[in-house]
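Peer 1: need a 3D model of the sequence below.
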Amino acid sequence: MRSWLIIFSLMLAPTAAFAFERPPLLEDAETTRNTVQSRSATYYFTLDGREQTGVGLQELVIQQLPSPDHIQFVIAETAVALDTNQLLPIDVSPLLETSHSGVRIIFRQPLAGPYRLRVSLRPVQNPHSSGVYLFEVQARGEKERQLRTLGIARIHFYDAFSRWRR
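Peer 2: Numbering: from 1, shown residues only. Sure, this is the predicted structure:
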């Protein structure tokens with residue numbers, strides 16, 4: 001009786017990265033006006049990609065989590081700038097597939113690290129109700145299929161006249 005030993009060997013050649021090894025970090029979120037119903041506010045979300053490795057940043061999604069009021073954004077006034085104040089070419093669209101408000105930002109050229117960037121979103125108006133509003137910030141690398149959560153940002157809105165209403 002003969003025995004056969006067959007060994008298969010598969011060698012993989014090194015390939016380019018297909019995902020973030022280290023995604024950018026959500027560093028900060030703030031607003032220029034934190035009073036309810038303000039019509040002149042801008043929300044800023046700062047991302048730190050100085051440690052980002054792997055693929056370049058292709059897409060960002062900033063989505064409001066369930067809150068007392070939905071915040072609508074002026075899509076045409078959305079901007080992304082590097083620390084050097086250089087504006088990046090982007091395509092922006094509202095999130096239509098969810099019941100929550102938010103924006104989808106697609107970078108025309110994937111953004112490779114290191115970088116630090118600031119996303120500015122202009123609401124039509126701040127919410128009518130005071131409280132803490134949460135925003136999920138997600139990112140997708142240029143060759144990734146799914147978004148990954150970078151963090152939850154919080155912005156607190158106050159009613160400037162609440163202490164006099166009692």
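Peer 1: by mean pLDDT, point me to the weakest helix or strand of the chain.
Peer 2: strand 53-54 (a mean of 78; mean pLDDT, DSSP states H and E).
Peer 1: which stretches of the protein have low pLDDT?
Peer 2: Where the chain drops to pLDDT under 70, the residues are 1-18, 97-100, 162-166.
Peer 1: start to end distance for stretch 45-59?
Peer 2: One end of stretch 45-59 to the other measures 14 Å (CA to CA, to the nearest Å).
Peer 1: list phi and psi for the spatially most central residue of the chain.
Peer 2: Centroid check for the chain by CA atoms, centre = their mean gives Val137 as the closest residue, at 3.7 Å. Dihedral pair for Val137: phi -110, psi 120, per degrees, to the nearest 10.
Peer 1: so it is in contact with Arg148, correct?
Peer 2: No. Counting by CB atoms under 8 Å, Val137 stays clear of Arg148, with 10.3 Å between them. Every C-beta, even on glycine, is put in place using the N, C-alpha and C of the backbone.
Peer 1: ok, Val36 to Ile155 distance?
Peer 2: Val36 sits 12 Å away from Ile155, going by CB to CB, to the nearest Å.
Peer 1: test my guess that Leu111 contacts Gly49.
Peer 2: Yes. Counting by CB under 8 Å, Gly49 is a contact partner of Leu111 at 7.0 Å.
Peer 1: can you check which residues contact both of those two?
Peer 2: 57, 117 (CB atoms under 8 Å, 6 or more residues apart in numbering).
Peer 1: tell me where the protein has strands.
Peer 2: Secondary structure of the chain by DSSP state E: the strands cover 20-22, 25-31, 43-48, 53-54, 57-64, 79-82, 90-94, 102-111, 116-121, 131-141, 148-157.
Peer 1: okay if I get the ones you listed as a markdown table plus distance to Ile71?
Peer 2: A markdown table is the format used below for the strands of the chain (distance: least, CB to CB, whole Å):
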| stretch | distance to Ile71 |
| --- | --- |
| strand 20-22 | 28 |
| strand 25-31 | 11 |
| strand 43-48 | 8 |
| strand 53-54 | 32 |
| strand 57-64 | 6 |
| strand 79-82 | 17 |
| strand 90-94 | 12 |
| strand 102-111 | 9 |
| strand 116-121 | 9 |
| strand 131-141 | 7 |
| strand 148-157 | 9 |
